[in-house]
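Peer 1: 3D, please:
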Amino acid sequence: MPFFKTLHTTVFALICMSLICITLATSATAQSTHDHDHDHDHDDHSASESSEQISPLPAMVGAFSQLDSDHVLGSPVAPVSMIIYASVTCPHCSSWFTSIWPDIKKNYIETNKLSVVFREFPTQPANIAVIGFQIANCAPEDQYFSIIEHQMIEQSNIFASLNAGTGKDTYLAIAKKAGLADEAAMNTCIQSQAGYDRINKSMSLAGAAGIKSVPHFIINGEIYKGGQDFLPLAKHLDEAINLGYSPVLQ
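Peer 2: This is a model prediction of the structure:
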């Protein structure tokens with residue numbers, strides 16, 4: 001069964017449920033724990049945000065490698081590839097993208113050492129996460145990551161606007177950053193079946209890889225279990241670069 005079904009309503013009908021959504025977000029944050037599969041202890045910002053249980057699926061093409069349909073940032077001939085599973089409503093994802101991601105971009109992506117795939121993994125409040133992902137997916141391809149980054153950096157302000165009842169203005173502003181002209185264009189985007197299909201596929205790939213929490217990383221076809229701070233992650237990336245791996249497309 002698909003993780004998400006098409007929403008037969010407008011974005012603002014969902015945003016009107018903001019108080020419920022924020023309660024769910026607070027609950028999800030309180031329930032988040034460190035990923036005990038990792039080899040190192042993590043600071044708070046690298047702890048994993050739990051989502052709905054995902055039953056492992058049979059092996060799927062692309063579970064551990066880049067697909068042609070993926071959103072990718074970086075050189076196609078970079079020696080190392082990394083798949084990031086994250087949610088725009090996950091506080092730990094927000095913290096990672098705010099504090100660690102800029103250094104990863106500067107030192108590895110912009111130097112053509114690393115290419116990055118982002119895959120959507122909605123966490124509570126899931127309706128709000130899906131809205132954010134749908135808008136990002138409607139942006140021009142070269143703007144997708146910037147729309148995701150914006151939502152990660154502004155996550156607390158977005159939640160605050162939902163609490164204050166100004167979520168409509170907030171999401172219209174994000175939609176305009178994504179190139180959507182007005183409310184009607186945004187609602188059409190939110191209802192995009194192609195977007196829901198992408199999210200469902202992303203969740204299926206996560207399940208096939210055994211990923212049940214975010215942020216989570218797959219580097220050169222293997223689930224990364226080290227620390228998510230810059231130094232341990234950079235050390236792992238440097239070791240992979242020195243081995244001379246190449247990303248595998250499936």
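Peer 1: quick one: contacts for the one residue sitting closest to the centre of the chain?
Peer 2: For the chain, residue 86 is the residue whose C-alpha lies nearest the centre (CA atoms, centre = their mean; 3.0 Å). Contact analysis of residue 86 by CB atoms under 8 Å, 6 or more residues apart in numbering lists 93, 96, 97, 118, 119, 121, 152, 214, 215, 216. Bear in mind the C-beta positions are built from the backbone N, C-alpha and C, glycine included.
Peer 1: out of the residues you listed, which sit inside strands?
Peer 2: Judged by DSSP state E, strands contain the following of these: 118, 119, 214, 216.
Peer 1: against residue 86, how distant is the nearest residue to residue 130 once chain neighbours are set aside?
Peer 2: Nearest residue to residue 130, sequence neighbours excluded (CB to CB, 6 or more residues apart in numbering): residue 122, at 5.5 Å. Counting by CB to CB, to the nearest Å, the separation of residue 122 from residue 86 is 10 Å.
Peer 1: starting at the chain centroid, how far to the longest helix along the chain?
Peer 2: In the chain, taking DSSP state H as the definition, the longest helix is helix 193-208. Its chain's average C-alpha position is 12 Å from that of helix 193-208, according to CA atoms, centre = their mean, to the nearest Å.
Peer 1: which other helices and strands contact that helix?
Peer 2: In terms of contacts (3 or more CB pairs under 8 Å, 6 or more residues apart in numbering; DSSP states H and E), helix 193-208 is packed against strand 114-120, helix 126-138.
Peer 1: apply 10 Å and report the result again.
Peer 2: Counting contacts by 3 or more CB pairs under 10 Å, 6 or more residues apart in numbering; DSSP states H and E, helix 193-208 is packed against strand 80-86, strand 114-120, helix 126-138, strand 216-219.
Peer 1: now those in a markdown table, please, with extra columns for mean pLDDT and distance to residue 183.
Peer 2: What follows is those, written out as a markdown table (pLDDT from 0 to 100; distance: least, CB to CB, whole Å):
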| stretch | mean pLDDT | distance to residue 183 |
| --- | --- | --- |
| strand 80-86 | 97 | 27 |
| strand 114-120 | 98 | 23 |
| helix 126-138 | 97 | 12 |
| strand 216-219 | 97 | 34 |
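Peer 1: now residue 234: closest residue in space, sequence neighbours ignored.
Peer 2: Nearest non-adjacent residue to residue 234 (CB to CB, 6+ apart): residue 107, at 6.9 Å.
Peer 1: looks to me like the one you found is in a helix.
Peer 2: Yes: counting by DSSP: H, G, I helix; E, B strand; the rest coil, residue 107 is located in a helix.
Peer 1: any idea how far it lies from residue 231?
Peer 2: Residue 107 is 11 Å from residue 231, by CB to CB.
Peer 1: wouldn't residue 214 be in contact with residue 85 here?
Peer 2: Yes: proximity of residue 214 to residue 85 meets the contact threshold set by CB atoms under 10 Å, at 5.2 Å.
Peer 1: which residues are common contacts for these two?
Peer 2: 51, 93, 119, 120, 121, 206 (CB atoms under 10 Å, 6 or more residues apart in numbering).
Peer 1: mind checking which of the residues you listed are buried?
Peer 2: Among those, those classed as buried by 16 or more other CB atoms under 10 Å are 51, 93, 119, 120, 121, 206.
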